[in-house]
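Student: sequence below, structure please.
(chains A and B)
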Amino acid sequence: MATSDNPRIAALITVALVAITAGALITVSYELSRDRIAANQRNRLLAALHEVLAPDSYDNDLEASRRSIVAPDLLGTNDPLDVFIATHSGEPVAAIFTSIAPRGYNGPIGLLVGIRADGTVTGVRVTRHRETPGLGDAIELAKSSWIRGFTGRRLDAPALANWRVTKDGGDFDAITGATVTPRAIVEAVRDTLIYFRDNSATLFATTAGRDADD
Amino acid sequence: MIEQYNPLTSGLWRENPALVQLLGLCPLLAITTTLINGLALGIATTCVIVAGNAIVSLLRNRLLPAIRILVFVLIIASLVTIVDLLSNAFFHELHEVLGLFIPLIVTNCAILAQAETVASRQPVPRSVLVGFSTGLGFTAVLVVLGALREIVGRGTLLAGSELLVGPALAVETIQLPMSGLLVAALPPGAFFGLALLIAVKNFFDIRRTHAAGPSTEAEASRIS
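Tutor: Residues are numbered from 1 along each chain as shown, chains lettered A, B, ... in the order given. From the prediction side, this is the model:
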(Lines give C-alpha, C1' and ligand atoms only; values in the text may rest on other atoms or scores of the structure.)
Protein backbone atom coordinates (compact mmCIF):
# COMPACT_ATOMS: atom_id res chain seq x y z
CA MET A 1 0.00 0.00 0.00
CA ALA A 2 1.13 3.54 -0.61
CA THR A 3 2.65 5.23 2.40
CA SER A 4 3.69 8.75 3.08
CA ASP A 5 5.95 10.47 5.59
CA ASN A 6 3.28 13.04 6.27
CA PRO A 7 0.88 11.41 8.77
CA ARG A 8 -2.06 13.45 7.51
CA ILE A 9 -1.60 12.28 3.96
CA ALA A 10 -1.10 8.72 5.19
CA ALA A 11 -4.35 8.94 7.14
CA LEU A 12 -6.18 10.30 4.11
CA ILE A 13 -4.84 7.49 1.97
CA THR A 14 -6.00 4.92 4.52
CA VAL A 15 -9.50 6.40 4.65
CA ALA A 16 -9.66 6.59 0.87
CA LEU A 17 -8.54 2.99 0.47
CA VAL A 18 -11.02 1.74 3.04
CA ALA A 19 -13.82 3.74 1.43
CA ILE A 20 -13.02 2.50 -2.06
CA THR A 21 -12.75 -1.12 -0.93
CA ALA A 22 -15.99 -0.86 1.03
CA GLY A 23 -17.74 0.72 -1.94
CA ALA A 24 -16.48 -2.01 -4.24
CA LEU A 25 -17.59 -4.79 -1.90
CA ILE A 26 -21.05 -3.28 -1.48
CA THR A 27 -21.38 -2.91 -5.25
CA VAL A 28 -20.47 -6.56 -5.75
CA SER A 29 -22.95 -7.71 -3.08
CA TYR A 30 -25.62 -5.49 -4.59
CA GLU A 31 -25.05 -6.93 -8.06
CA LEU A 32 -25.02 -10.47 -6.68
CA SER A 33 -28.24 -10.06 -4.73
CA ARG A 34 -30.23 -7.63 -6.91
CA ASP A 35 -31.96 -10.14 -9.18
CA ARG A 36 -32.69 -12.49 -6.31
CA ILE A 37 -34.18 -9.73 -4.20
CA ALA A 38 -36.34 -8.56 -7.08
CA ALA A 39 -37.49 -12.15 -7.70
CA ASN A 40 -38.21 -12.62 -3.99
CA GLN A 41 -40.32 -9.50 -3.90
CA ARG A 42 -42.19 -10.53 -7.03
CA ASN A 43 -42.86 -14.01 -5.62
CA ARG A 44 -44.01 -12.54 -2.36
CA LEU A 45 -46.38 -10.17 -4.13
CA LEU A 46 -47.79 -12.96 -6.29
CA ALA A 47 -48.13 -15.27 -3.29
CA ALA A 48 -50.05 -12.54 -1.48
CA LEU A 49 -52.29 -11.89 -4.49
CA HIS A 50 -52.95 -15.61 -4.84
CA GLU A 51 -54.21 -15.62 -1.27
CA VAL A 52 -57.20 -13.58 -2.39
CA LEU A 53 -57.58 -14.78 -5.99
CA ALA A 54 -57.15 -18.35 -7.24
CA PRO A 55 -54.15 -18.53 -9.63
CA ASP A 56 -56.08 -20.56 -12.21
CA SER A 57 -58.88 -18.02 -12.53
CA TYR A 58 -56.90 -15.59 -14.68
CA ASP A 59 -54.24 -15.79 -17.38
CA ASN A 60 -52.66 -12.33 -17.58
CA ASP A 61 -49.52 -10.99 -15.94
CA LEU A 62 -50.93 -9.64 -12.68
CA GLU A 63 -47.80 -7.74 -11.82
CA ALA A 64 -47.89 -5.89 -15.14
CA SER A 65 -51.58 -5.09 -14.64
CA ARG A 66 -50.77 -2.90 -11.66
CA ARG A 67 -52.19 0.59 -11.80
CA SER A 68 -52.38 3.44 -9.35
CA ILE A 69 -55.61 4.97 -8.11
CA VAL A 70 -56.31 7.77 -5.70
CA ALA A 71 -59.57 7.69 -3.75
CA PRO A 72 -59.07 9.12 -0.26
CA ASP A 73 -62.73 8.85 0.75
CA LEU A 74 -63.21 5.18 -0.03
CA LEU A 75 -59.77 3.57 0.00
CA GLY A 76 -58.47 5.13 3.18
CA THR A 77 -55.45 7.17 2.14
CA ASN A 78 -54.48 10.25 0.18
CA ASP A 79 -51.62 8.34 -1.39
CA PRO A 80 -52.01 6.46 -4.65
CA LEU A 81 -52.85 2.80 -4.10
CA ASP A 82 -52.08 -0.19 -6.28
CA VAL A 83 -54.88 -2.13 -7.89
CA PHE A 84 -54.26 -5.28 -9.94
CA ILE A 85 -56.61 -6.29 -12.73
CA ALA A 86 -56.98 -9.99 -13.46
CA THR A 87 -58.26 -10.99 -16.88
CA HIS A 88 -58.91 -14.29 -18.61
CA SER A 89 -58.72 -14.43 -22.42
CA GLY A 90 -58.89 -10.64 -22.33
CA GLU A 91 -62.11 -10.59 -20.31
CA PRO A 92 -61.94 -8.91 -16.90
CA VAL A 93 -62.14 -11.46 -14.08
CA ALA A 94 -61.39 -9.60 -10.91
CA ALA A 95 -59.65 -6.62 -9.33
CA ILE A 96 -57.40 -6.76 -6.29
CA PHE A 97 -57.19 -3.57 -4.23
CA THR A 98 -54.44 -2.71 -1.77
CA SER A 99 -56.88 -0.78 0.39
CA ILE A 100 -56.13 0.83 3.73
CA ALA A 101 -58.38 0.59 6.78
CA PRO A 102 -57.52 3.99 8.24
CA ARG A 103 -59.19 3.58 11.61
CA GLY A 104 -57.25 0.66 13.08
CA TYR A 105 -56.61 0.64 16.82
CA ASN A 106 -52.92 1.43 16.32
CA GLY A 107 -52.99 3.22 13.00
CA PRO A 108 -53.80 2.19 9.45
CA ILE A 109 -54.21 -1.48 8.51
CA GLY A 110 -53.05 -2.56 5.06
CA LEU A 111 -55.43 -4.89 3.21
CA LEU A 112 -55.66 -6.88 0.02
CA VAL A 113 -59.24 -7.03 -1.18
CA GLY A 114 -60.03 -9.25 -4.16
CA ILE A 115 -63.34 -8.55 -5.92
CA ARG A 116 -64.72 -10.60 -8.81
CA ALA A 117 -66.15 -8.71 -11.79
CA ASP A 118 -69.69 -9.43 -10.55
CA GLY A 119 -68.92 -7.72 -7.22
CA THR A 120 -68.35 -10.81 -5.07
CA VAL A 121 -65.43 -10.71 -2.62
CA THR A 122 -62.91 -13.41 -3.56
CA GLY A 123 -60.90 -12.90 -0.41
CA VAL A 124 -59.45 -10.39 2.03
CA ARG A 125 -56.04 -10.52 3.72
CA VAL A 126 -54.26 -8.18 6.10
CA THR A 127 -50.85 -7.22 4.74
CA ARG A 128 -49.65 -5.03 7.59
CA HIS A 129 -51.01 -3.88 10.91
CA ARG A 130 -49.96 -2.84 14.38
CA GLU A 131 -52.97 -4.15 16.27
CA THR A 132 -52.53 -5.47 19.78
CA PRO A 133 -50.86 -8.91 19.84
CA GLY A 134 -53.23 -11.47 21.30
CA LEU A 135 -56.33 -9.34 20.70
CA GLY A 136 -56.57 -7.36 17.46
CA ASP A 137 -54.12 -9.59 15.65
CA ALA A 138 -56.86 -12.20 15.25
CA ILE A 139 -57.31 -10.50 11.86
CA GLU A 140 -54.21 -12.41 10.70
CA LEU A 141 -54.97 -15.72 9.08
CA ALA A 142 -52.19 -17.26 11.16
CA LYS A 143 -54.08 -16.36 14.33
CA SER A 144 -57.71 -16.98 13.38
CA SER A 145 -59.89 -17.52 10.36
CA TRP A 146 -61.92 -14.36 11.00
CA ILE A 147 -60.68 -12.69 7.84
CA ARG A 148 -62.16 -15.52 5.73
CA GLY A 149 -65.61 -14.30 6.74
CA PHE A 150 -65.54 -11.80 3.88
CA THR A 151 -65.14 -14.34 1.10
CA GLY A 152 -68.29 -14.64 -1.03
CA ARG A 153 -69.94 -11.53 0.39
CA ARG A 154 -71.31 -8.78 -1.83
CA LEU A 155 -72.37 -5.23 -1.33
CA ASP A 156 -76.00 -6.41 -1.35
CA ALA A 157 -75.35 -9.62 0.63
CA PRO A 158 -75.55 -8.67 3.40
CA ALA A 159 -77.49 -5.48 2.78
CA LEU A 160 -75.37 -2.35 2.91
CA ALA A 161 -76.75 -1.42 6.32
CA ASN A 162 -75.57 -4.75 7.73
CA TRP A 163 -71.94 -4.28 6.70
CA ARG A 164 -71.03 -3.93 10.38
CA VAL A 165 -69.80 -6.19 13.15
CA THR A 166 -72.49 -8.00 15.12
CA LYS A 167 -71.79 -5.77 18.09
CA ASP A 168 -73.03 -2.81 16.01
CA GLY A 169 -76.02 -4.77 14.72
CA GLY A 170 -74.39 -6.03 11.54
CA ASP A 171 -73.58 -9.40 10.01
CA PHE A 172 -69.85 -9.75 10.66
CA ASP A 173 -68.48 -11.54 13.70
CA ALA A 174 -66.80 -9.41 16.30
CA ILE A 175 -63.42 -10.34 17.77
CA THR A 176 -63.31 -10.96 21.50
CA GLY A 177 -61.47 -8.14 23.22
CA ALA A 178 -61.06 -6.04 20.09
CA THR A 179 -63.86 -3.78 18.95
CA VAL A 180 -62.07 -1.16 16.92
CA THR A 181 -60.03 -3.50 14.73
CA PRO A 182 -62.80 -5.57 13.09
CA ARG A 183 -64.97 -2.48 12.74
CA ALA A 184 -62.17 -0.73 10.83
CA ILE A 185 -61.72 -3.67 8.47
CA VAL A 186 -65.41 -4.23 7.80
CA GLU A 187 -65.76 -0.54 6.93
CA ALA A 188 -62.71 -0.64 4.68
CA VAL A 189 -63.89 -3.71 2.76
CA ARG A 190 -67.35 -2.18 2.38
CA ASP A 191 -65.87 1.08 1.07
CA THR A 192 -63.62 -0.79 -1.35
CA LEU A 193 -66.71 -2.59 -2.68
CA ILE A 194 -68.47 0.75 -3.09
CA TYR A 195 -65.48 2.11 -4.98
CA PHE A 196 -65.49 -1.00 -7.16
CA ARG A 197 -69.23 -0.68 -7.86
CA ASP A 198 -68.78 2.93 -9.00
CA ASN A 199 -65.52 2.55 -10.92
CA SER A 200 -65.18 -1.02 -12.15
CA ALA A 201 -66.28 -0.11 -15.66
CA THR A 202 -63.48 2.45 -15.94
CA LEU A 203 -60.92 0.15 -14.33
CA PHE A 204 -61.66 -2.76 -16.61
CA ALA A 205 -62.10 -0.59 -19.70
CA THR A 206 -58.65 0.98 -19.40
CA THR A 207 -57.09 -2.45 -19.03
CA ALA A 208 -58.81 -3.75 -22.14
CA GLY A 209 -57.90 -0.60 -24.04
CA ARG A 210 -54.28 -0.86 -23.03
CA ASP A 211 -54.09 -4.48 -24.07
CA ALA A 212 -55.50 -3.57 -27.45
CA ASP A 213 -52.85 -0.89 -27.88
CA ASP A 214 -50.13 -3.39 -27.17
CA MET B 1 -8.23 -15.72 43.05
CA ILE B 2 -7.75 -14.02 39.71
CA GLU B 3 -9.39 -15.99 36.94
CA GLN B 4 -7.37 -16.70 33.86
CA TYR B 5 -8.63 -14.47 31.02
CA ASN B 6 -9.94 -16.76 28.33
CA PRO B 7 -10.71 -14.94 25.06
CA LEU B 8 -13.12 -17.64 23.90
CA THR B 9 -15.37 -17.67 26.97
CA SER B 10 -15.05 -14.12 28.29
CA GLY B 11 -17.65 -12.79 25.87
CA LEU B 12 -20.06 -15.53 26.90
CA TRP B 13 -20.07 -14.76 30.59
CA ARG B 14 -17.62 -12.40 32.21
CA GLU B 15 -17.80 -9.66 29.58
CA ASN B 16 -21.09 -10.58 28.00
CA PRO B 17 -22.05 -7.55 25.88
CA ALA B 18 -25.72 -7.71 26.80
CA LEU B 19 -25.62 -8.79 30.43
CA VAL B 20 -22.49 -7.02 31.70
CA GLN B 21 -21.66 -4.23 29.30
CA LEU B 22 -25.36 -3.59 28.56
CA LEU B 23 -24.51 -2.77 24.95
CA GLY B 24 -26.67 -3.31 21.89
CA LEU B 25 -29.90 -3.30 23.86
CA CYS B 26 -32.00 -1.61 21.16
CA PRO B 27 -32.06 -4.58 18.77
CA LEU B 28 -31.89 -6.99 21.69
CA LEU B 29 -35.06 -5.73 23.33
CA ALA B 30 -36.93 -5.15 20.10
CA ILE B 31 -36.38 -8.41 18.27
CA THR B 32 -36.54 -11.06 21.01
CA THR B 33 -40.21 -11.89 20.57
CA THR B 34 -39.33 -15.44 19.54
CA LEU B 35 -36.34 -17.73 19.83
CA ILE B 36 -35.84 -17.90 16.06
CA ASN B 37 -35.90 -14.11 15.65
CA GLY B 38 -33.31 -13.79 18.40
CA LEU B 39 -31.12 -16.50 16.88
CA ALA B 40 -31.27 -14.91 13.42
CA LEU B 41 -30.33 -11.45 14.67
CA GLY B 42 -27.60 -13.01 16.80
CA ILE B 43 -26.08 -14.78 13.81
CA ALA B 44 -26.18 -11.60 11.70
CA THR B 45 -24.60 -9.58 14.52
CA THR B 46 -21.90 -12.20 15.10
CA CYS B 47 -20.98 -12.16 11.40
CA VAL B 48 -20.58 -8.38 11.53
CA ILE B 49 -18.51 -8.45 14.75
CA VAL B 50 -16.15 -11.18 13.52
CA ALA B 51 -15.63 -9.68 10.05
CA GLY B 52 -15.35 -6.17 11.50
CA ASN B 53 -12.76 -7.25 14.05
CA ALA B 54 -10.72 -9.05 11.38
CA ILE B 55 -10.65 -6.03 9.06
CA VAL B 56 -9.96 -3.48 11.79
CA SER B 57 -7.19 -5.67 13.15
CA LEU B 58 -5.60 -5.94 9.70
CA LEU B 59 -5.57 -2.16 9.41
CA ARG B 60 -4.67 -1.44 13.03
CA ASN B 61 -1.15 -0.16 12.34
CA ARG B 62 -2.42 2.39 9.86
CA LEU B 63 -5.20 3.76 12.04
CA LEU B 64 -4.17 7.09 13.49
CA PRO B 65 -6.37 8.32 16.35
CA ALA B 66 -7.84 11.05 14.16
CA ILE B 67 -9.35 8.68 11.61
CA ARG B 68 -9.93 5.67 13.84
CA ILE B 69 -13.64 6.11 14.53
CA LEU B 70 -14.30 7.17 10.95
CA VAL B 71 -12.76 3.98 9.61
CA PHE B 72 -14.54 1.81 12.21
CA VAL B 73 -17.92 3.22 11.26
CA LEU B 74 -17.16 2.92 7.56
CA ILE B 75 -16.20 -0.74 7.93
CA ILE B 76 -19.11 -1.67 10.20
CA ALA B 77 -21.67 0.17 8.07
CA SER B 78 -20.39 -1.53 4.91
CA LEU B 79 -20.52 -4.97 6.52
CA VAL B 80 -24.05 -4.40 7.75
CA THR B 81 -25.13 -3.23 4.30
CA ILE B 82 -23.71 -6.41 2.81
CA VAL B 83 -25.39 -8.61 5.45
CA ASP B 84 -28.64 -6.74 4.79
CA LEU B 85 -28.43 -7.32 1.03
CA LEU B 86 -27.43 -10.97 1.29
CA SER B 87 -30.05 -11.82 3.91
CA ASN B 88 -32.66 -10.09 1.77
CA ALA B 89 -31.62 -12.24 -1.18
CA PHE B 90 -31.22 -15.59 0.56
CA PHE B 91 -33.47 -15.40 3.63
CA HIS B 92 -36.13 -13.12 2.24
CA GLU B 93 -38.97 -13.99 4.59
CA LEU B 94 -36.76 -13.82 7.64
CA HIS B 95 -35.50 -10.48 6.38
CA GLU B 96 -39.09 -9.26 6.27
CA VAL B 97 -39.54 -10.27 9.91
CA LEU B 98 -36.30 -8.75 11.14
CA GLY B 99 -36.93 -5.76 8.91
CA LEU B 100 -35.43 -2.60 10.28
CA PHE B 101 -33.27 -4.38 12.82
CA ILE B 102 -30.71 -5.67 10.33
CA PRO B 103 -29.68 -2.12 9.31
CA LEU B 104 -29.84 -1.19 12.99
CA ILE B 105 -27.00 -3.62 13.73
CA VAL B 106 -24.88 -0.58 12.78
CA THR B 107 -26.02 1.11 15.96
CA ASN B 108 -25.01 -1.85 18.14
CA CYS B 109 -22.36 -0.28 20.35
CA ALA B 110 -20.97 -3.71 21.21
CA ILE B 111 -19.51 -3.89 17.70
CA LEU B 112 -17.85 -0.48 17.88
CA ALA B 113 -16.60 -1.31 21.37
CA GLN B 114 -15.01 -4.47 20.02
CA ALA B 115 -13.26 -2.56 17.22
CA GLU B 116 -11.99 0.04 19.66
CA THR B 117 -10.95 -2.10 22.63
CA VAL B 118 -9.93 -5.36 20.95
CA ALA B 119 -9.39 -5.28 17.21
CA SER B 120 -7.37 -2.05 17.05
CA ARG B 121 -4.90 -3.42 19.62
CA GLN B 122 -4.71 -7.16 19.01
CA PRO B 123 -3.49 -9.36 16.17
CA VAL B 124 -6.05 -10.81 13.76
CA PRO B 125 -6.52 -14.33 15.21
CA ARG B 126 -7.11 -13.08 18.72
CA SER B 127 -9.42 -10.27 17.52
CA VAL B 128 -11.48 -12.78 15.59
CA LEU B 129 -11.61 -15.11 18.58
CA VAL B 130 -12.72 -12.41 21.01
CA GLY B 131 -15.18 -11.06 18.45
CA PHE B 132 -16.64 -14.52 17.96
CA SER B 133 -16.94 -15.02 21.69
CA THR B 134 -18.67 -11.65 22.08
CA GLY B 135 -21.03 -12.44 19.22
CA LEU B 136 -21.78 -15.81 20.75
CA GLY B 137 -22.49 -14.21 24.13
CA PHE B 138 -24.83 -11.70 22.50
CA THR B 139 -26.55 -14.47 20.52
CA ALA B 140 -26.94 -16.59 23.66
CA VAL B 141 -28.76 -13.76 25.44
CA LEU B 142 -30.94 -13.13 22.36
CA VAL B 143 -31.85 -16.82 22.18
CA VAL B 144 -32.57 -17.24 25.91
CA LEU B 145 -34.55 -14.01 26.09
CA GLY B 146 -36.37 -14.88 22.85
CA ALA B 147 -37.23 -18.35 24.16
CA LEU B 148 -38.38 -16.93 27.49
CA ARG B 149 -40.64 -14.36 25.86
CA GLU B 150 -41.95 -16.82 23.30
CA ILE B 151 -42.86 -19.38 25.97
CA VAL B 152 -44.44 -16.93 28.38
CA GLY B 153 -45.88 -14.55 25.80
CA ARG B 154 -47.19 -16.90 23.14
CA GLY B 155 -47.09 -20.39 24.61
CA THR B 156 -44.97 -21.70 21.73
CA LEU B 157 -41.33 -22.49 21.11
CA LEU B 158 -39.31 -22.51 17.88
CA ALA B 159 -42.08 -20.83 15.89
CA GLY B 160 -40.90 -19.68 12.47
CA SER B 161 -37.93 -22.03 12.14
CA GLU B 162 -38.79 -22.50 8.45
CA LEU B 163 -37.79 -18.87 7.89
CA LEU B 164 -34.24 -19.66 8.97
CA VAL B 165 -33.56 -23.13 7.56
CA GLY B 166 -36.21 -23.50 4.86
CA PRO B 167 -39.37 -25.62 4.91
CA ALA B 168 -37.44 -28.88 4.37
CA LEU B 169 -35.44 -28.71 7.58
CA ALA B 170 -37.95 -26.79 9.64
CA VAL B 171 -38.65 -28.00 13.16
CA GLU B 172 -42.25 -28.37 14.24
CA THR B 173 -43.35 -25.46 16.41
CA ILE B 174 -43.77 -26.69 19.96
CA GLN B 175 -47.19 -25.73 21.24
CA LEU B 176 -47.21 -25.54 25.02
CA PRO B 177 -50.42 -26.16 26.96
CA MET B 178 -50.83 -22.47 27.79
CA SER B 179 -52.19 -19.47 25.99
CA GLY B 180 -49.50 -16.90 26.70
CA LEU B 181 -49.26 -13.83 28.82
CA LEU B 182 -49.54 -10.80 26.58
CA VAL B 183 -47.14 -8.58 28.51
CA ALA B 184 -44.18 -10.85 27.75
CA ALA B 185 -44.72 -10.43 24.01
CA LEU B 186 -44.92 -6.65 24.30
CA PRO B 187 -41.87 -4.38 24.82
CA PRO B 188 -42.14 -4.31 28.64
CA GLY B 189 -41.69 -8.08 28.61
CA ALA B 190 -38.28 -7.58 27.03
CA PHE B 191 -37.19 -5.34 29.91
CA PHE B 192 -38.53 -7.74 32.55
CA GLY B 193 -36.88 -10.68 30.82
CA LEU B 194 -33.51 -8.98 30.45
CA ALA B 195 -33.61 -7.79 34.07
CA LEU B 196 -34.31 -11.36 35.13
CA LEU B 197 -31.34 -12.69 33.14
CA ILE B 198 -29.00 -10.04 34.57
CA ALA B 199 -30.24 -10.86 38.08
CA VAL B 200 -29.64 -14.57 37.54
CA LYS B 201 -26.13 -13.91 36.24
CA ASN B 202 -25.29 -11.63 39.17
CA PHE B 203 -26.70 -14.18 41.59
CA PHE B 204 -24.32 -16.85 40.33
CA ASP B 205 -21.38 -14.46 40.20
CA ILE B 206 -21.90 -13.24 43.76
CA ARG B 207 -22.40 -16.75 45.11
CA ARG B 208 -19.21 -17.84 43.41
CA THR B 209 -17.18 -14.95 44.79
CA HIS B 210 -18.49 -15.60 48.30
CA ALA B 211 -17.49 -19.22 47.98
CA ALA B 212 -14.03 -18.12 46.89
CA GLY B 213 -13.59 -15.96 49.98
CA PRO B 214 -13.86 -12.32 50.98
CA SER B 215 -10.64 -11.27 49.21
CA THR B 216 -12.47 -11.13 45.90
CA GLU B 217 -15.20 -8.78 47.10
CA ALA B 218 -13.92 -6.21 44.60
CA GLU B 219 -14.68 -8.57 41.76
CA ALA B 220 -18.32 -8.82 42.83
CA SER B 221 -18.77 -5.07 42.95
CA ARG B 222 -17.29 -4.76 39.48
CA ILE B 223 -19.91 -7.06 38.11
CA SER B 224 -22.82 -5.39 39.81
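
Student: which ones are touching the closest residue to residue A:168 other than its chain neighbours?
Tutor: Leaving out its chain neighbours, the residue that sits closest to residue A:168 by C-beta to C-beta, 6 or more residues apart in numbering or on different chains is residue A:183, at 6.9 Å. (Glycine included, C-beta is placed from N, CA and C.) Residues in contact with residue A:183 (C-beta atoms under 8 Å, 6 or more residues apart in numbering or on different chains) are A:103, A:164, A:165, A:167, A:168.

Student: and the fourth one, how many residues sit next to it?
Tutor: When you say that, I think you mean residue A:167. 13 (other C-beta atoms under 10 Å in any protein chain shown).

Student: repeat for the third one
Tutor: Neighbouring residues of residue A:165 were enumerated by other C-beta under 10 Å; the total is 21.

Student: over to residue B:65?
Tutor: With other C-beta under 10 Å as criterion, residue B:65 counts 8.

Student: show the pLDDT at it.
Tutor: Looking at residue B:65, its pLDDT reads 84.

Student: shaky segments in the chain?
Tutor: Using chain A. Chain A contains residues with pLDDT under 70 at A:1-4, A:206-214.

Student: please refer instead to chain B.
Tutor: In chain B, residues with pLDDT under 70: B:1-4, B:213-224.

Student: which residues of it lie near chain A?
Tutor: B:59, B:62-64, B:66-67, B:70-71, B:74-75, B:77-78, B:81-82, B:85-86, B:88-90, B:92-93, B:96, B:153, B:180, B:182, B:185-186 (C-beta under 8 Å from any C-beta of the partner chain).

Student: buried subset of the residues you listed as a PyMOL selection?
Tutor: Selection of buried members from the residues of chain B next to chain A for PyMOL, criterion 16 or more other C-beta atoms under 10 Å in any protein chain shown:
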select buried, chain B and resi 59+62+63+67+71+74+75+77+78+81+82+85+86+88+89+92+153+180+182+185
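
Student: now, the residues of chain B next to chain A that are in helices?
Tutor: Of these, the ones assigned to helices by DSSP state H are B:66-67, B:70-71, B:74-75, B:77-78, B:81-82, B:85-86, B:88-90, B:92-93, B:96, B:153, B:182, B:185.

Student: now render the contacts of residue A:183 as TSV, adding secondary structure.
Tutor: Compiled in TSV, the contacts of residue A:183 are given as follows (DSSP: H, G, I helix; E, B strand; the rest coil):
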residue	secondary structure
A:103	coil
A:164	coil
A:165	strand
A:167	helix
A:168	helix
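
Student: which pair in those spans the largest distance?
Tutor: Greatest spacing in the contacts of residue A:183, by C-beta to C-beta: A:103 and A:167 (15.1 Å).

Student: packing partners of whichever strand or helix holds residue A:22?
Tutor: Using DSSP states H and E, residue A:22 sits within helix A:7-52. Contact here means 3 or more C-beta pairs under 8 Å, 6 or more residues apart in numbering or on different chains; DSSP states H and E; on that basis helix A:7-52 packs against strand A:109-116, strand A:121-128, helix B:65-90, helix B:92-98.

Student: in TSV: those, plus distance to residue A:52.
Tutor: Below are the helices and strands packed on helix A:7-52 laid out as TSV (distance: least, C-beta to C-beta, whole Å):
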stretch	distance to residue A:52
strand A:109-116	3
strand A:121-128	3
helix B:65-90	25
helix B:92-98	19
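
Student: tell me which of the ones you listed sits nearest to residue B:29.
Tutor: helix B:92-98 (14.1 Å).

Student: now that closest one: how far from the chain's centre is it?
Tutor: Helix B:92-98 has its C-alpha centroid displaced from the chain centroid by 18 Å (C-alpha atoms, centre = their mean, to the nearest Å).

Student: and if you look at stretch A:140-157?
Tutor: Distance, centroid of stretch A:140-157 to centroid of chain: 16 Å (C-alpha atoms, centre = their mean).

Student: got it, and stretch B:179-199?
Tutor: Worked out by C-alpha atoms, centre = their mean, stretch B:179-199 lies 17 Å from the chain centre.

Student: find the nearest non-adjacent residue to residue A:144, please.
Tutor: Leaving aside its chain neighbours, residue A:144 sits nearest to residue A:138 (4.2 Å; criterion: C-beta to C-beta, 6+ apart).

Student: my error: substitute residue A:62 in the last question.
Tutor: Leaving aside its sequence neighbours, residue A:62 is closest to residue A:84 (5.0 Å, by C-beta to C-beta, 6+ apart).

Student: now do the same for that neighbour: helix, strand or coil?
Tutor: Assignment for residue A:84 (three-state DSSP): strand.

Student: residue contacts, it?
Tutor: If you count contacts by C-beta under 8 Å, 6+ apart, then residue A:84 has A:49, A:62, A:63, A:65, A:66, A:95, A:96 around it.

Student: what is the neighbour count of the last one?
Tutor: So that's residue A:96. Residue A:96 has 26 neighbours, counted by other C-beta under 10 Å.

Student: residue A:145 is nearest to which of the helices and strands packed on helix A:7-52?
Tutor: So among these, strand A:121-128 is nearest, using C-beta to C-beta, at 11.7 Å.

Student: near chain B at all, that closest one?
Tutor: No: applying C-beta under 8 Å from any C-beta, one finds strand A:121-128 separated from chain B by no less than 10.3 Å.

Student: buried sites along the helix or strand following that strand?
Tutor: Later in the chain than strand A:121-128, the nearest helix or strand by DSSP H and E is helix A:180-213. Buried residues in helix A:180-213, counted by 16+ other C-beta under 10 Å: A:180-196, A:200, A:203-204, A:207.
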